[in-house]
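Novice: The sequence and its predicted three-dimensional model are supplied below.
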Amino acid sequence: MIPEEALKKQGILDERRHHPQVVLLPVAALRSRLGRRGNQAEWVYSKSMYPLKKGQVANQAHVGLPPGTYEEEHGRRGFYGKSAHLYHTHPPTGWIRFEGKLRPHCFDLNKLTPPDLRDPDGGPVAFLGNRDVKVSVSRRSFPMPFLFRNADGDELYFVHRGEGVIETDFGPLPFEKGDYINLPRAVTYRVVPRTTDNFFLIIESQSEFEQPEKGLIGHHALYDPGVIITPDPAPALDDNTSQTEWEVRIKCENQFSKVFYPFNPLDVVGWKGDLTVWKVNMRDIRPIMSHRAHLPPSAHTTFVTQGAVVCSFLPRPLEEDAEALRVPFFHRNTDYDEFLFYHDGDFFSKDNIKPGMATLHPRGIHHGPHPKALANQGKKTRTDEYAVMLDGLNPIHVLPEGEGVEWADYWASWQAPQPVGAKS
Ligand SMILES: [Fe+2]
């Protein structure tokens, strides 16, 4: 329950006095006041109308579907806005052919060979992007022989595989599998892997990666800020090296410039303030769920940035309620393109997906569980998957490097035979 103090603070009690309709729609009012998604506040002022119901429906979304139907959530604003549930007699992914550009995509990113895989002087390879975010893979096998500074955007490194340290202006930060490492724009850093088989997913954003507002679930849900790790100063004075100059490679407007120093510029002996390099490991993220109804992906939001959100899907018990859906519901994205990177575990709701693969589901086309997962959902009690989702507000484009590792027939992967009218 929301304490009265909080309601007063948010001005909701006052609104009740002057606008009686808010009394009828407290959840919508609370959502608009408390459920902001970082800097995308404009998205949350969505007043529900009232529930219209026609034909055969479930009264509670994702629970107790009418027999023989497939539920689709047709929602706005990334599960925050208005929505309708449509009860289909066929799975919405039961298509037989596509024409034109729009279709679901799947990539085997294990097949990418970024220049930094073999050349210490090389860099990552970008395979997707839009005007807000760019997604790349680095397979850096050797320590950077230079320092790097990205003046084009903030970077979020996700460590799919590998161990080592990132040396930064703020001090060294050790990294390991499952780390999300936040490198603010224009921080100077150097990746020094200890292992040779490494795999980093890098999301570059035009703006900062911030923590989502957690609203009703409180500051310590998902992860406690106490698990965040920041670096301690460790100036690299390099007194005993024969190195005579240090290169800082700067990316600005996608062009590289170099500045050279006769000393190691990672020489900071102390830092203070509220801007720094920081990391959180996936194992420290504790997902929330309901044992009685499937929660939308937005319940798993880890970071927000301008034009995109990052969510983490982690192992958790599945819904216990006998009538509750245990797999993601069908939906056609309306306001977001959805990129999903499969990190580890058993990807129950999708066939033929292995760690290191990724999907891109563009707005306007449905996606949802594969037929086998839908049929077997009643037998599962837990999900054991680790995945990183990036939802982009603007259309995300596949770059040529992505096209080169695409599974061309992915769109047909929902085509396993299934009886028409089977209960989902
Ligand atoms: Fe989705």
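Specialist: In hand now; what should we look at? Worth saying up front: this structure is predicted, and the values here are computed from it rather than measured.
Novice: Tell me how many other residues crowd Gly55.
Specialist: By other CB atoms under 10 Å, 7 other residues sit near Gly55. Just so you know, the C-beta spots here come from the backbone N, C-alpha and C atoms, and that holds for glycine as well.
Novice: residues contacting Gly270?
Specialist: For Gly270, the contact set (CB atoms under 8 Å, 6 or more residues apart in numbering) comprises Pro233.
Novice: And Ala126, by the same measure?
Specialist: 134-136, 399, 401.
Novice: and if you look at Leu117?
Specialist: 139-141 are the contacts of Leu117 under CB under 8 Å, 6+ apart.
Novice: How far away from the center of its chain is stretch 219-234?
Specialist: 19 Å (CA atoms, centre = their mean, to the nearest Å).
Novice: can you pull the buried residues of that stretch?
Specialist: By 16 or more other CB atoms under 10 Å, the buried positions in stretch 219-234 come out as 222-223, 231.
Novice: shaky segments in the stretch 201-350 of the chain?
Specialist: Scanning the stretch 201-350 of the chain for pLDDT under 70 picks out the ranges 239-240, 349.
Novice: how about the buried residues of stretch 219-234 in JSON lines, adding distance to Tyr87?
Specialist: Converted to JSON lines, the buried residues of stretch 219-234 look like this (distance: CB to CB, whole Å):
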{"residue": "Leu222", "distance to Tyr87": "32"}
{"residue": "Tyr223", "distance to Tyr87": "36"}
{"residue": "Pro231", "distance to Tyr87": "52"}
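Novice: Could I get the full set of helices for the stretch 251-400 of the chain?
Specialist: Secondary structure of the stretch 251-400 of the chain (DSSP state H, counting those that start in this stretch): helices located at 371-376, 400-403.
Novice: Then the stretch 51-200 of the chain?
Specialist: Remark: helices of the stretch 51-200 of the chain are absent; assignment by DSSP H, counting those that start in this stretch.
Novice: how far away is the spatially closest residue to Pro174 that is not a sequence neighbour from Phe329?
Specialist: Distances taken as CB to CB, 6 or more residues apart in numbering put Val165 closest to Pro174, at 5.1 Å, once the chain neighbours are dropped. As for Val165, its distance to Phe329 is 42 Å (criterion: CB to CB, to the nearest Å).
Novice: what do you get for Cys252?
Specialist: 43 Å.
Novice: Comparing these two, which residue is more hemmed in?
Specialist: Ranked by neighbour count (other CB under 10 Å), Cys252 and Phe329 place Phe329 first, with 19 against 12.
Novice: what residues are up against the more buried one?
Specialist: With contacts defined as CB under 8 Å, 6+ apart, Phe329 is in contact with 61-62, 71-73, 294, 368.
Novice: Please name the bridge partners of the residue lying closest to it once chain neighbours are set aside.
Specialist: Nearest residue to Phe329, sequence neighbours excluded (CB to CB, 6+ apart): Glu73, at 5.1 Å. When assigned by DSSP bridges, Glu73 has beta-bridge partners His85, His331.
Novice: if I look at Glu73, how far off is Phe79?
Specialist: With CB to CB as the criterion, Glu73 and Phe79 are 8 Å apart.
Novice: what's the overlap in contacts for those two?
Specialist: Joint contacts of Glu73 and Phe79 (CB under 8 Å, 6+ apart) are Pro296.
Novice: Dig out what the residue nearest to Pro174 forms beta bridges with.
Specialist: In this entry, Val165 is beta-bridged to Pro174, Val192, by DSSP bridges.
Novice: Test my guess that it contacts Tyr189.
Specialist: No: at 10.2 Å, Val165 and Tyr189 do not qualify as touching, with contact defined as CB atoms under 8 Å.
Novice: neighbour count winner among these two?
Specialist: More neighbours surround Tyr189 than the other of Val165 and Tyr189, with 23 against 18 (other CB under 10 Å).
Novice: ok now do the more buried one, which residues does it touch?
Specialist: 147-149, 166-169, 183, 277.
Novice: Report pLDDT for the residue nearest to it when sequence neighbours are not counted.
Specialist: In space, and not counting its chain neighbours, Tyr189 is closest to Thr168: 4.5 Å by CB to CB, 6+ apart. You'll see Thr168 listed with a pLDDT of 98.
Novice: Next, count neighbours for Thr168.
Specialist: Thr168 sits with 23 neighbouring residues when counted by other CB under 10 Å.
Novice: Who are the contact partners of it?
Specialist: Per CB under 8 Å, 6+ apart, neighbours of Thr168: 183, 187-190, 231, 266, 277.
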